[in-house]
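Participant: need a structure here:
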Amino acid sequence: MIAGSGNRRRPALRSGMAGVGLLLALAGCAPKPHVYVAEPMAGSWRIAVLPFANYAANRDAGDRVLPIVAVALAQKPGVTVVDQGEVDAALAKEPWLILDRIPPDIVKSIGTEVKADALLTGSLLSYTERDFEMERIPQTSLSLRLIEVNSGRLLWNAVHSRDGGDEEWLFGLGRVQSMEQLLTLTVGEMLETFPTGQGSQ
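Facilitator: Numbers count the residues shown, from 1 in each chain. Next comes the predicted model:
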């Protein structure tokens, strides 16, 4: 062994470990939702989830997001989600409804029809994939809004964008491969900021 060779290896080893540490740190820097909360919501809330305004190229994408949101929302403390069949029947009476711009009188009409305290509306802003190393990486962007039926007041709003590679750090580890998985992750992170049952979680 050449004298001093061990000493020369140590800086390289430290440098390599520092690089891995940096990659791990970057993997934890996933984007966070942009959120507005009017105030904490006490008690029990019956919430109707409306179909999403879909701005994605995939015309069926909005229908794939809605059940993911409804299931995640139903798991929040103090929340009961209105059956989607009831919501669809109420919406059928408003054939010209623009889903991302609902006037207060229509909010009250639909909410009263389904006996809801609030309506959850949203917009699917992006639902696509990008090419990366002969693979397809999902990307999505979503906006959710909670509107109180009686007052028409905005109670909560969240906007979030996610890429399947946001938390990838080495050799594909941490990469989200499927759109359904990415949507579930995105919705879950948004609903972590939901203002009901905060004290009981």
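Participant: contacting residues around the residue lying closest to A38 once chain neighbours are set aside?
Facilitator: Closest residue in space to A38, ignoring its immediate chain neighbours: L155 at 5.0 Å, by C-beta to C-beta, 6 or more residues apart in numbering. Where C-beta positions appear, they are placed from N, C-alpha and C, glycine not excepted. By C-beta atoms under 8 Å, 6 or more residues apart in numbering, the contact list for L155 reads 37-39, 41, 118, 146-148, 195.
Participant: same question, L185
Facilitator: 162, 176.
Participant: Okay, buried residues for the strand or helix carrying it please.
Facilitator: Per DSSP states H and E: L185 is located in helix 179-191. Using 16 or more other C-beta atoms under 10 Å as the test for burial, helix 179-191 gives 179, 182-187, 189-191.
Participant: can you check stretch 54-71 too?
Facilitator: 54, 56, 61-62, 64-66, 68-70.
Participant: Repeat that for stretch 81-98.
Facilitator: 81-82, 87, 90-91.
Participant: which one among those residues gets closest to F132?
Facilitator: Of all the buried residues of stretch 81-98, V81 has the smallest distance to F132: 35.9 Å, by C-beta to C-beta.
Participant: neighbours around the closest residue in space to that closest one that isn't next to it in sequence, how many?
Facilitator: Leaving aside its chain neighbours, V81 sits nearest to A74 (4.5 Å; criterion: C-beta to C-beta, 6+ apart). Residues lying near A74 (other C-beta atoms under 10 Å) number 12.
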